[in-house]
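Undergrad: Curious how this folds, go ahead:
(one chain, ligands or ions: 2)
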Amino acid sequence: MLNIIICGAPGSGKGTQSALIKDKYNLLHLSTGDLLRAEIAAKSELGRIAEGYIANGQLVPDEMIINILDKAIEEKEAAAQYNGLILDGFPRTVAQAEALEGLMQKRNKDLSVLLDLTVEEDELIDRLIKRGQTSGRSDDNLETIKKRLDVYHEKTEPVNDFYKKQNKYVSVEGTGTIEEIFGRICEVLNKY
Ligand code: AP5
Ligand code: MG
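TA: Residues are numbered from 1 along each chain as shown. Ligands and ions are numbered 1, 2, ... in the order given. Below you'll find the model as predicted:
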């Protein structure tokens, strides 16, 4: 089994690279951002709560996102055969990383590695502003992008230390062409 976390700042390419990784290694791709946007599109109660946090560049409460992820693993793993999981945008706080240990343990799974995509801040902002011209995402505007970056530094970067202590942290240079970055990721993943 190959169970990986892909993390990095907003716009670092988590979604783009996950799409390539999941196909090559036959992994179940779970993006908590995508799960939340699906709840919003479905106009569910969860979506209604999440909407305000997302548009403000803030994280939704830990307990809420942990429940959503737990349910999604349950439902989607039952639907097809996979060689493992790729978690995109989760965990984003140390409390979420601690909760993930429990979610994995109860399924007899082990985390293989966390891949951290590193990209300079100017480039992140450029990418997200550009995407905002067509994405329709409520958080792809300069004001909210800046808040997302602040929240990333304050709450999500400490998660890296959590996995460094377990020797599961690998940083991957996230600039260059999409294929170049994917090549770097495969070099790491092929060791597992
Ligand atoms: P989420 O959906 O996870 O957004 P994010 O982390 O801000 O990151 P993005 O999805 O915007 O970027 P990405 O890294 O996937 O990059 P992408 O591949 O799209 O979260 C959104 C919100 O949901 C959060 O702010 C929070 O409110 C809530 N949330 C989600 N998870 C949560 C959690 N666990 N706890 C609490 N709240 C949570 O690429 C970006 C752009 O760059 C694209 O246009 C792409 O085409 C382009 N691009 C990609 N690679 C390259 C390249 N190599 N060169 C040039 N351009 C590139
Ligand atoms: Mg994404």
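Undergrad: List the buried residues in the helix of greatest length in the chain.
TA: Selection of the longest helix in the chain by residue count, based on DSSP state H, yields helix 62-79. Across helix 62-79, burial judged by 16 or more other Cβ atoms under 10 Å covers Asp62, Met64, Ile65, Ile66, Ile68, Leu69, Asp70, Ala72, Ile73. Heads up, the C-betas are built off the backbone N, CA and C, glycines and all.
Undergrad: how about that helix, does it reach ligand 1?
TA: Yes: counting by Cβ under 6 Å from any ligand atom, ligand 1 is contacted by helix 62-79 at Ile65.
Undergrad: 38 is where my numbering starts, stick with that
TA: Noted, 38 is the first residue going forward, which turns the last one into helix 99-116.
Undergrad: Quick check: next helix or strand after that helix?
TA: Using DSSP states H and E, the helix or strand that follows helix 99-116 in sequence is strand 122-125.
Undergrad: So which elements touch that following strand?
TA: For strand 122-125, the elements it packs on are strand 41-45, helix 51-62, strand 65-68, helix 69-78, judged by 3 or more Cβ pairs under 8 Å, 6 or more residues apart in numbering; DSSP states H and E.
Undergrad: need the contact list for Gln96.
TA: That one is not Gln; residue 96 is Leu. When contacts are counted by Cβ atoms under 8 Å, 6 or more residues apart in numbering, Leu96 touches Tyr90, Ile102, Arg129, Thr130, Val188, Lys192.
Undergrad: what's near enough to touch the first one?
TA: By that I understand Tyr90. When the contact criterion is Cβ under 8 Å, 6+ apart, the partners of Tyr90 are Leu96, Val97.
Undergrad: Next one, pLDDT for the residue in the chain that ligand 2 sits nearest to please.
TA: Proximity to ligand 2, evaluated over the chain using Cβ to the ion, is greatest for Gly52 at 3.3 Å. The predicted local distance difference test score for Gly52 is 98.
Undergrad: So it is in contact with Ile123, correct?
TA: No: under the criterion of Cβ atoms under 8 Å, Gly52 lies out of contact with Ile123, with a separation of 10.7 Å.
Undergrad: neighbours of the nearest residue to Leu179 once chain neighbours are set aside, just the number please.
TA: The spatially closest residue to Leu179, leaving aside those adjacent along the chain, is Ile166, at 6.4 Å (Cβ to Cβ, 6 or more residues apart in numbering). Taking other Cβ atoms under 10 Å as the neighbour definition, Ile166 ends up with a count of 14.
Undergrad: No more questions from me, cheers.
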